[in-house]
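Trainee: sequence unavailable; structure follows:
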């Protein structure tokens, strides 16, 4: 069993007014096979947590630790984190002009495993994953995220997740901008990846609608850079009914 641990994490970003602290002591432990939902209002630090784990240079860790099976993630480069088994599905995936989806996926797989996948098997795996996500075959020859709709970008993120097979997936508002049909397809992809490899999932969202399809084991409420409350799936139901006002006013 693998364990991803966040211990007393403090993170700041540089602004015109100087350093601004966003995370103020976050503790979180995710084990293989567990699904953790992080919920909270805008500006509460949810995405900062995701990008700090992934290694975005904008976010500076000023205190605390991030450990993957006891190893210090903060000493790893971004690509080393990916090879160690961490995966980030971004809220706003970037365009990569001139790089086709098929080339991008195979290059990523090669970088993570250290060797190129056998072409015949790889093509079969890609086609199967695309079929499951209801992605047209021509999609693989398009440039990465260039001209993609919001739904296509999110399906491409989950396509990566299914093919790269990480140990832990951080999904940053994967549900944003998706209609009901696309939300269901994307959620089914996450559930397949979770079931196939005992994937640990950190699911960041504002709303409970995605939790109807991806069932969390634990729910964490983020407010002002800290975890304000933790519980099981019933906590998400309560948030749906009550909102975040009582945390913000407290």
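Mentor: Arrived safely, thanks for sending. All figures in this text were calculated on a predicted structure; none of them were measured in a lab.
Trainee: elements contacting the worst-scoring helix or strand of the chain on mean pLDDT?
Mentor: For the chain, counting by mean pLDDT, DSSP states H and E, helix 245-249 ranks last in confidence among helices and strands (a mean of 75). When contacts are defined as 3 or more Cβ pairs under 8 Å, 6 or more residues apart in numbering; DSSP states H and E, helix 245-249 sits against strand 218-223. For glycine as for every other residue, the C-beta is placed from the backbone atoms N, C-alpha and C.
Trainee: now do the least confident helix or strand of the chain: distance to the chain's middle.
Mentor: 26 Å (Cα atoms, centre = their mean, to the nearest Å).
Trainee: what comes up buried for that helix?
Mentor: Residues residue 247 are the ones in helix 245-249 that count as buried (16 or more other Cβ atoms under 10 Å).
Trainee: quick thing: my sequence starts at 30, can you match it?
Mentor: Happy to do that; since the first residue is 30 now, the last one works out to helix 274-278.
Trainee: give me the residues contacting that helix.
Mentor: Helix 274-278 is touched from outside by 69, 70, 250, 252, 257, 258, with contacts defined as Cβ atoms under 8 Å, 6 or more residues apart in numbering.
Trainee: ok, the third one to residue 231 distance?
Mentor: Spelled out, that is residue 250. As judged by Cβ to Cβ, to the nearest Å, residue 250 and residue 231 stand 14 Å apart.
Trainee: which one of those two is surrounded by more residues?
Mentor: Legend: neighbour count by other Cβ atoms under 10 Å for residue 250 and residue 231, higher for residue 231 (25 against 22).
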